[in-house]
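**Q** structure here, sequence nowhere to be found:
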């Protein structure tokens, strides 16, 4: 580092701690004094530049940040309340329209039984295993026998494919319509002049169990509920 | 959340004075300087997660403040006040000191911003030349040259004015 370089460096960075700079500083008394002079001048500069910040600035900064955080939380609360309102409207909408589709389901079930009355006198002697084969694609399976099966076929209810099963009852036949793709909220009673029964929710779908007016269906219903298991 | 808030409060209390001083010497306008500091801390709060090391906080805040200042100047150019009209409060210094401070303040205010900024970072911020080079995105030699010219000019003005005032007193 030559003298000119040194003097320029003292002006640029009088507090420099670089070893080359420090050894140059200690070379002569003159250099030492020169560095001291500029360091003294830096103290004056610092005093001049150290102006007082406005009173209460720190408090205002923290307050400002708190207010903004608060207003963002308010915004989020507003968005949540809008979302909640939309959900409420959707909920009301579905509450109003769902019963209609369930009423239709009861009608469709009965209508299907009347359409295919001849299945009530079938004597096919099917096995539970056969039903399980049909149920497999929906992820369902009966564990154990569910009684004497007189018919097994497919059906089309509420525009969804179902499995049509006829079981032997004590007073005629019991129709079991398995509808894996038709979901309902809760059990629906089905009844007219000739038949009675119910549609029960199961898995992600439902099952209608309908028999003659004087047929007791509780046992069949319990058997089906207990023995049917859904993999999905 | 609690931890974030207390870290933030500590950062405000520790650095707001230096940040304000830097902002003031950057824009030479007290109310714009305060706005810049406020805006800087708001932005800092929003991206607080990106500050990994509290030791780097000062340089980080200065970088945010410089960006805010550039953004502000894109929108409008705040009126530049004459340092003589500013009437900077100085309660701590003796009368002779006040005169000296004012003399230097005027000289600093008259420096071009490219010289004023590195000297403010060095004197107020205590940054090394390498750190100043990083903050200003300049190479170190350019920073050294600017610091040399800034201090040279200030020293020159100071010596001349000091001689002037002494001359007046004597005559």
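**A** Done, it's in. None of the values given here were measured: they were computed from a predicted structure. Numbers count the residues shown, from 1 in each chain, chains lettered A, B, ... in the order given.
**Q** quick one: secondary structure of the residue most central in space within chain B?
**A** Nearest residue to the geometric centre of chain B (Cα atoms, centre = their mean): residue B:22, 2.1 Å. Following DSSP: H, G, I helix; E, B strand; the rest coil, the label given to residue B:22 is helix.
**Q** same check on residue A:209?
**A** Put simply, residue A:209 is strand when judged by three-state DSSP.
**Q** one more: residue A:166?
**A** Reduced to three states by three-state DSSP, residue A:166 is strand.
**Q** does it touch residue A:119 like I think?
**A** Yes. Contact criterion Cβ atoms under 8 Å: residue A:166 and residue A:119 qualify, at 5.5 Å. Yep, even glycine has a C-beta here, placed from its N, CA and C like the rest.
**Q** between the two, which one's more packed in?
**A** residue A:166 (25 against 20; other Cβ atoms under 10 Å in any protein chain shown).
**Q** who are the neighbours in contact with that one?
**A** By Cβ atoms under 8 Å, 6 or more residues apart in numbering or on different chains, the contact set of residue A:166 is A:119, A:120, A:122, A:149, A:150, A:151, A:152, A:173, A:174, A:175, A:176.
**Q** check it and give its pLDDT.
**A** As predicted, residue A:166 sits at a pLDDT of 93.
**Q** again with residue A:177
**A** On the pLDDT scale, residue A:177 gets 92.
**Q** mind listing what the nearest residue to it once chain neighbours are set aside touches?
**A** Here the nearest residue to residue A:177 in space, its sequence neighbours aside, is residue A:208; by Cβ to Cβ, 6 or more residues apart in numbering or on different chains that works out to 4.2 Å. By Cβ under 8 Å, 6+ apart, residue A:208 lies in contact with A:109, A:175, A:176, A:177, A:179, A:190, A:197, A:198, A:199.
**Q** quick check, nearest of these to residue B:125?
**A** residue A:179 (75.3 Å; Cβ to Cβ).
**Q** state the distance from the closest one to residue A:135.
**A** 12 Å (Cβ to Cβ, to the nearest Å).
**Q** can you check residue A:155 too?
**A** From residue A:155 across to residue A:135, the span is 14 Å (Cβ to Cβ).
**Q** the top helix by length along chain A and chain B in contact?
**A** Across chain A, the longest stretch assigned as helix under DSSP state H is helix A:57-115. Yes. Judged by Cβ under 8 Å from any Cβ of the partner chain, helix A:57-115 and chain B are in contact via A:57, A:58, A:60, A:61, A:62, A:64, A:65, A:68, A:69.
**Q** grab the nearest non-local neighbour of the last one.
**A** Of all residues not flanking residue A:69 in the chain, residue B:45 sits nearest, at 7.4 Å (Cβ to Cβ, 6+ apart).
**Q** got the phi and psi for that neighbour?
**A** phi -60, psi -40 (degrees, to the nearest 10).
**Q** in three-state terms, label the spatially closest residue to residue A:167 that is not a sequence neighbour for me.
**A** Among residues not flanking residue A:167 along the chain, residue A:174 sits closest, at 4.5 Å (Cβ to Cβ, 6+ apart). The three-state assignment at residue A:174 reads strand, by three-state DSSP.
**Q** neighbours of residue A:174, how many?
**A** Residues contacting residue A:174 under the criterion other Cβ under 10 Å number 24.
**Q** list the helices and strands the lowest-mean-pLDDT helix or strand in chain A packs on?
**A** None of the helices or strands of chain A scores lower by mean pLDDT, DSSP states H and E than helix A:57-115, at a mean of 81. Contact analysis of helix A:57-115 by 3 or more Cβ pairs under 8 Å, 6 or more residues apart in numbering or on different chains; DSSP states H and E lists strand A:149-157, strand A:173-179, strand A:188-191, strand A:195-202, strand A:205-212, helix B:2-27, helix B:30-46 as its packing neighbours.
**Q** now whichever helix or strand comes after the last one and helix B:30-46, what's the angle there?
**A** Past helix B:30-46, further along toward the C-terminus, the next helix or strand under DSSP states H and E is helix B:57-75. In terms of direction (axes from the mean of the first three to the mean of the last three Cα atoms, to 10 degrees), helix B:57-75 departs from helix B:30-46 by 120 degrees.
**Q** which residues sit against helix B:57-75?
**A** B:11, B:14-15, B:18-19, B:22-23, B:26-27, B:32, B:35-37, B:39-41, B:43-44, B:51, B:78, B:121, B:125, B:127, B:131, B:134-135.
**Q** drop the exposed ones from those residues and show what's left.
**A** For the contacts of helix B:57-75, a burial check counting by 16 or more other Cβ atoms under 10 Å in any protein chain shown picks out B:11, B:15, B:18-19, B:22-23, B:26-27, B:32, B:35-37, B:39-41, B:44, B:78, B:121, B:125, B:127, B:131, B:135.
**Q** quick one: name the residues of chain A near chain B.
**A** Residues of chain A lying near chain B (Cβ under 8 Å from any Cβ): A:8-9, A:11-14, A:16, A:38, A:41-42, A:44-54, A:57-58, A:60-62, A:64-65, A:68-69.
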